[in-house]
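J.: Fold the following, please.
(chains A and B)
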Amino acid sequence: MPTGSTSVLVLGGGVFGCSVAYHLAREGAEVVLLERDHVAAGASGASAGMISTPVDTDDWMVKYILEGHRLLEAYRDELDLDFEMVHGGSFYLGFEESEISRLKQQVERANSVGLTFEYIDGPEVLKMEPIYNPTLLGASFNPVASQVNPMLVTHSFAQTARRLGARIEIGVRVLEIDSSSQGPLTVRTTKGDFVGDWVVDAAGAWAPELLRRQNVYMPVWPSRGQIVVSEPLPIITERMVHISGRGYIRQTQSGNFFIGSQQELVGFDKRTTVEKMSFFAETAVMAIPMLARVRLLRSHAGLRPMSPDQYPILGPVPGYDRILMATGASGTGIQYSPVSGLLTAEYIMTGTTHLPWEELSVLRFEKARKAEAAVSE
Amino acid sequence: MTGEVRDDLRIDLAVGRGERIEIEVDGDPVVAFEGESVASALWAAGINSLRTTDKSSSPRGIFCNIGVCHDCIVTVDGYPNQRACRTQVADGMTIKRQTGFGEWL
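T.: Numbering: from 1, shown residues only, chains lettered A, B, ... in the order given. As a prediction, this is how the structure comes out:
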């Protein structure tokens, strides 16, 4: 073991943890990743894999999104596993006049903050995608949206990190982080103690409970996302479809349609429900009528780590310089994973980051925290 | 007494079977009897390659014959991916031996 190298314990083998591990291993850090179940066992494995910027993204997040797209593209060559990236773009379909004016406004605003949406009239949309419902009035289109296989993105980060020297320990449940001594941090687990200079808490919706000893404000909650999966079909479309308030439809490279999902705040309950399945099936047929003939194979759900603004929370836990958080990205974790891993590794290895990093800190919720504290007193 | 269907694979002694009907397989008429599965009817007619796979275009036929493996899927009356072993024949039914996941558009 080289003396003087930086040792980092990464908690959680989801896409954030594996990305952090990869970026650190690439810079020569000594990395041990601790995972309770297996790589991509949680929200990362239950993602739809859409790299599809929400049209209402706040302007301050746009730079991270664009950087994320750039990195993901570069990582197609750099990482060890192909993750089935397809550039098809994504539609938000509108079936009512009120929706159309809203879509047009969103396009205008999105473009004013540096995104590249366009509004397209119904007949033109149908020329691009004849399978869509002919009653649609128009749609906004994001031509740079892409799709990936989220499991493979996560495994690709993990496998490449491992090749670069990271250790990935599965079946290890973290109990607590002991930060009582001045020196290195000790992570207590069901498989004994692990010691490191730094700890990165990337445990997704479970991230707050790993900080139980630190007793800090960590506004992250499980948000259930259900997906219903169809039988495989020949590849019919490479464009993703969203219908505002209803959900999305995406065909994977294996031919199955993924139809999901919404944010449900139901605690750590991972079950799927007939109510959502039928709603998503109805949404699918509304957007693409031919899907009425398709049989559904199965459903699954993931618990995404939701933060108050649904953007990632990165950076030091207040009061603990060497415990970092990397979670909170809600339903867009795959999209933010490359940039979150890179910034976290840069900060640990050099003390600086190539994009602003403080604004991603949990401190952005300080006002809300104080308000909450005042109410409970 | 059994001349009509003597050249197929059905046993013809001491069995009862339904009405004689006709189905169409890739445009050709095939004799079947009510109550038979599509798989049985095709097998009896000597058709045992039911489709080719999506990736390697390998032929597939009846494997489990109880609805589990999905190897025997065919297009029935325009609906792709129907299990031949779990679909009963009906007079005038059209069967297409499909390529990959079938034709949807």
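J.: Around chain A, which positions in chain B sit nearby?
T.: Contact residues, chain B versus chain A (Cβ under 8 Å from any Cβ of the partner chain): B:54, B:79, B:80, B:81, B:100, B:101, B:102, B:103, B:104, B:105. From N, CA and C alone the C-beta is placed, and that goes for glycine too.
J.: got the residue ranges for the helices in the stretch 201-350 of chain A?
T.: Counting by DSSP state H, counting those that start in this stretch, the stretch 201-350 of chain A has helices at residues A:207-210, A:274-287, A:333-350.
J.: list the buried ones in the longest one?
T.: So the one you mean is helix A:333-350. Judged by neighbour count using 16 or more other Cβ atoms under 10 Å in any protein chain shown, the buried positions of helix A:333-350 are A:333-349.
J.: helices and strands around it, which ones?
T.: In terms of contacts (3 or more Cβ pairs under 8 Å, 6 or more residues apart in numbering or on different chains; DSSP states H and E), helix A:333-350 is packed against helix A:15-26, strand A:50-51, helix A:62-78, helix A:150-163, strand A:198-201, strand A:313-317, strand A:320-327.
J.: out of those, which comes closest to chain B?
T.: Between chain B and the helices and strands packed on helix A:333-350, the tightest spacing by Cβ to the nearest Cβ is seen for helix A:150-163, at 17.0 Å.
J.: Look up how far residue A:294 lies from the nearest residue to residue A:232 once chain neighbours are set aside.
T.: Spatial nearest neighbour of residue A:232, excluding adjacent residues (Cβ to Cβ, 6 or more residues apart in numbering or on different chains): residue A:255 at 3.3 Å. In this view, residue A:255 and residue A:294 are 11 Å apart by Cβ to Cβ, to the nearest Å.
J.: Report the set of residues contacting both of these two.
T.: By Cβ atoms under 8 Å, 6 or more residues apart in numbering or on different chains, residue A:255 and residue A:294 have these common neighbours: residue A:233.
J.: Tell me what residue A:226 is bridged to.
T.: Beta bridges link residue A:226 to residue A:301 when assigned by DSSP bridges.
J.: show me where chain B has helices.
T.: For chain B, the helices defined by DSSP state H occupy B:38-44.
J.: For it, give me the ranges with low pLDDT.
T.: Confidence mapping of chain B against pLDDT under 70 gives the ranges B:1-7.
J.: how about the residues of chain A that lie near chain B?
T.: Contact residues, chain A versus chain B (Cβ under 8 Å from any Cβ): A:131, A:231, A:232, A:233, A:234, A:236, A:255, A:290, A:293, A:294, A:295.
J.: Tell me who's in contact with the residue nearest to residue A:232.
T.: Residue A:255 neighbours (Cβ under 8 Å, 6+ apart): A:232, A:233, A:234, A:235, B:54, B:101.
J.: pLDDT at it, what is it?
T.: pLDDT recorded at residue A:255 is 95.
J.: Return the distance of it relative to residue B:49.
T.: Counting by Cβ to Cβ, the gap from residue A:255 to residue B:49 is 22 Å.
J.: hmm, which helix or strand of chain A has the shakiest average pLDDT?
T.: Every helix and strand in chain A was compared by mean pLDDT, DSSP states H and E; the lowest is helix A:366-376, with a mean of 81.
J.: CA atoms of that one as PDB?
T.: Below are the C-alpha coordinates for helix A:366-376, written out as PDB (Å, rounded to 0.1, in the frame of the first residue of the first chain):
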ATOM      1  CA  GLU A 366     -30.400  26.400   5.200                       C
ATOM      2  CA  LYS A 367     -33.300  28.800   5.000                       C
ATOM      3  CA  ALA A 368     -35.800  26.000   4.800                       C
ATOM      4  CA  ARG A 369     -34.100  24.200   7.600                       C
ATOM      5  CA  LYS A 370     -34.300  27.200   9.900                       C
ATOM      6  CA  ALA A 371     -37.900  27.700   9.100                       C
ATOM      7  CA  GLU A 372     -38.600  24.000   9.900                       C
ATOM      8  CA  ALA A 373     -36.700  24.300  13.100                       C
ATOM      9  CA  ALA A 374     -38.700  27.400  14.100                       C
ATOM     10  CA  VAL A 375     -42.000  25.600  13.500                       C
ATOM     11  CA  SER A 376     -41.100  22.600  15.600                       C
END
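J.: Now the phi/psi pair for residue A:14, please.
T.: Here is the backbone geometry of residue A:14 (degrees, to the nearest 10): phi -90, psi -170.
J.: Just list the residues touching it, thanks.
T.: So residue A:14 contacts A:40, A:41, A:42, A:43, A:44, A:154, A:202, A:203, A:204, A:333 (Cβ under 8 Å, 6+ apart).
J.: at 6 Å instead, please
T.: Neighbouring residues of residue A:14 by Cβ atoms under 6 Å, 6 or more residues apart in numbering or on different chains: A:42, A:44, A:204.
J.: Could you do residue A:219 as well?
T.: Residue A:219 makes contact with A:307, A:308, A:365 under the criterion Cβ under 6 Å, 6+ apart.
J.: ok so, going back, out of the contacts of residue A:14, which one sits closest to chain B?
T.: Closest to chain B out of these is residue A:44 (25.9 Å), distances taken as Cβ to the nearest Cβ.
J.: part of a strand, is the closest one?
T.: No - under the criterion used here (DSSP: H, G, I helix; E, B strand; the rest coil), residue A:44 is helix, not part of a strand.
J.: That one and residue A:154 touch, don't they?
T.: Yes - using Cβ atoms under 6 Å, residue A:44 is in contact with residue A:154, at 4.6 Å.
J.: Show me whatever sits in contact with both of the two.
T.: residue A:15.
J.: And stretch A:308-316, what's buried?
T.: Neighbour count says stretch A:308-316 has A:308, A:310, A:311, A:312, A:313, A:314, A:315, A:316 buried, by 16+ other Cβ under 10 Å.
J.: If anything else comes up later, I'll come back, but that's it for now.
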